[in-house]
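S.K.: can you look at this prediction? I've put the sequence above it.
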Amino acid sequence: MVYCTVCGEELSRETVTVPATGHTPGQAVKENEVDATCTEDGSYDEVVYCTVCGEELSRETVTIPATGHDWGTPTYEWAEDNSTVTATRVCANDASHVETETVATTYTVVTEPTVEAEGLGRYTAVFENEAFETQIREVVLPKLEITGYHIIVNDYTAGNATTSIEAETLYSGDVTFTVTCDSPCVVAIDNGDGTYTRLACTTNGDTHSFTVTVTDADVTIIVAIKGDADLNGVWQSKDATMMAQAIAGKRTFTTLQQLVCDGDGNGVFNSKDATFAAQVVAGKRSYEW
Ligand SMILES: [Ca+2]
Ligand SMILES: [Ca+2]
Ligand SMILES: [Zn+2]
Ligand SMILES: [Zn+2]
């Protein structure tokens, strides 16, 4: 408005438009927040209000991507008999998120046990889930129990006798075996201390059987030709001569020689046995099994 400076009369009036000042946006605020989970996206609204009039000026929905699981270190639990393994892992974000897999193991023998040495067995568990590593457990296999003992044959017949005893067989209990030879044989347990225990013979036709009891150790038996004083595997007149010399005190017999030359099997080597041998040489009698 314009007024006269003298009279103060209004001289003119003009309306002037003042432009609007506009809203004043405030700081964006979050609304309607939904947290993301391991598997589900979350979101919130980013909203701007005018700080002067409070009017909502903008609203934008922002997506929060799913976090994914935060798996912990797997644990592995073996069945008591090693037949299965269960692998488990738990999400650090949410303990209700669990992955688990139970698999049957495969078993292999790495080293067979023997009577002398322990062996080694191996259980292996392979999982479908690549997050789980193959698990291996090795077990000691105990030494094999001895289920018998060997009967060792010391043959003084130079191979003229054969027995049904098999060197590689483990025997136990009462073992009856046969000895086959053209000449009667003496069969005895070698007690290992210079003494011998003669085994009784059971004859059935041409089959000559002896029985030995195997308990908790190898048993050594000797097989010799009856009357074979020099133990060379052959009965001959020289053997009778040696017996006569032994009786005459001109030579000394070992325990084994005395055993073999005890022709009547009465447990003692004496002059009767020497006489017996001389009669065999003369063809007047023969040794019996
Ligand atoms: Ca001889
Ligand atoms: Ca005798
Ligand atoms: Zn406003
Ligand atoms: Zn999770």
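M.R.: Thanks, I have the structure now. Ligands and ions are numbered 1, 2, ... in the order given.

S.K.: what's the local residue count around the residue of the stretch 51-200 of the chain found nearest ligand 2?
M.R.: Using CB to the ion, the closest approach of the stretch 51-200 of the chain to ligand 2 is made by residue 198 at 11.0 Å. Using the backbone N, CA and C atoms, a C-beta is placed for each residue, glycine as well. Residue 198 has 15 neighbours, counted by other CB atoms under 10 Å.

S.K.: likewise the one 5 residues further on?
M.R.: A count of neighbours around residue 203, defined by other CB under 10 Å, yields 11.

S.K.: tell me how far the closest residue to residue 104 other than its chain neighbours lies from residue 136.
M.R.: Setting aside the residues directly before and after it, residue 104 is nearest to residue 84 in space (CB to CB, 6 or more residues apart in numbering), at 5.5 Å. According to CB to CB, to the nearest Å, residue 84 stands 14 Å off from residue 136.

S.K.: for residue 239, same thing?
M.R.: Distance, residue 239 to residue 136, using CB to CB: 68 Å.

S.K.: again with residue 196
M.R.: Distance of residue 196 to residue 136, computed by CB to CB: 56 Å.

S.K.: compare neighbour counts for those two and give me the winner.
M.R.: Each of residue 196 and residue 136 has its neighbours counted (other CB under 10 Å); residue 196 has more, 22 against 12.

S.K.: show me what the more buried one is bridged to.
M.R.: Legend: beta-bridge partners of residue 196 under DSSP bridges are residue 190.

S.K.: residue 257 is in contact with that one, correct?
M.R.: No. Using CB atoms under 8 Å, residue 196 is not in contact with residue 257, being 10.9 Å away.

S.K.: just give me the neighbour total for residue 152.
M.R.: Residue 152, neighbours per other CB under 10 Å, totals 13.

S.K.: ok now do it, which residues does it touch?
M.R.: Contacts of residue 152 were listed using CB atoms under 8 Å, 6 or more residues apart in numbering, and they are 167, 218-221.

S.K.: name the SS class of it, please.
M.R.: Under DSSP: H, G, I helix; E, B strand; the rest coil, the three-state class of residue 152 is strand.

S.K.: going by neighbour count, list what's buried in stretch 58-76.
M.R.: Within stretch 58-76, the residues scored as buried using 16 or more other CB atoms under 10 Å are 67, 69, 71, 74.
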